[in-house]
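[1] Kindly return the folded structure for what I paste below:
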Amino acid sequence: MAPHTHVRTDLDGDEKSQSGLSTPQPITAVNSLPAQPSMTPNAPQVVYYPPATLSAVSIMVYCLSKTDLDKIKLLNRVKNNWTSWSELMLEFFHLNLLKGYTTGIIVHPDALHEPLVARNWDLNNAGIVAALRICVSPNDKQVLDGITTAHRAWNTLRSCHQKLGPIAQILKIQELLNIHYSRDTNLTETSYHLTEGVHTIFDMGIPTQ
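    All right, here's what the predicted structure looks like:
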């Protein structure tokens, strides 16, 4: 039999271990969830998605900036600016990690099993609906009356404005065809009106019918 290896240890600290083995390190649980990132008062809040099913998503509350919303031009049927407006709004919601509410990806949690998460969802949803009402014309505000979910509010606005697209484009094209350069009008002013008209037509999107 091979001789036993004797490892000398000194509990009083007078001698060091004579073995060549490294000191065992504590084992980290493989299945443990990563800690949520720390946040400072000025840092944007984040939604933490554990590596589990979608139903296990922890939702945090977000505060949308009224100053940033005021920088976005109102959605207006007369200007037919749905394309540019919707792109800006989706970018704004995406930066605040709230785009999933408008697309319907983030669904309402079960209030019975996750009351806190459900409450946070309700607060975020109400904030998005309020933001949409801030950034639309008075006529569109009336369309949103009685709508309480962000997903339905977004789809309602999109449906109303996309239906106006083809007819409004035809009328705008006819209007531009009636504009002519003349010695009686300023060349720069006429060019400006034509340029703005073309931008408006493209802003309506490509006709689907």
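
[2] Which phi and psi values does the residue lying closest to Val117 once chain neighbours are set aside adopt?
    Of all residues not flanking Val117 in the chain, Pro109 sits nearest, at 4.6 Å (Cβ to Cβ, 6 or more residues apart in numbering). Glycine gets a C-beta too; all of them are placed from N, C-alpha and C. Note on Pro109: backbone dihedrals following degrees, to the nearest 10 are phi -70, psi 170.

[3] same deal with Ile179?
    Dihedral pair for Ile179: phi -90, psi 130, per degrees, to the nearest 10.

[4] Number of residues surrounding the residue nearest to Val117?
    Look at Pro109: counted by other Cβ atoms under 10 Å, it has 22 neighbours.

[5] and it, what pLDDT?
    With respect to pLDDT, Pro109 scores 92.

[6] what's the answer for Val143, then?
    94.

[7] Go ahead and confirm it touches Trp154.
    No: if you go by Cβ atoms under 8 Å, Val143 and Trp154 don't touch, sitting 11.8 Å apart.

[8] between the two, which one's more packed in?
    Per other Cβ under 10 Å, whichever of Val143 and Trp154 has more neighbours is Trp154, with 24 against 17.

[9] buried ones in the lengthiest helix in the chain?
    Counting residues, the longest helix in the chain under DSSP state H turns out to be helix 150-177. For helix 150-177, the neighbour count (16 or more other Cβ atoms under 10 Å) marks 150-151, 153-154, 157, 160-162, 165, 168-169, 172 as buried.

[10] Minimum pLDDT in those residues, which residue is that?
    Gly165 (61).

[11] need the helices for the chain, in chain order.
    For the chain, the helices defined by DSSP H cover 66-70, 82-95, 99-103, 115-134, 138-143, 150-177, 187-203.
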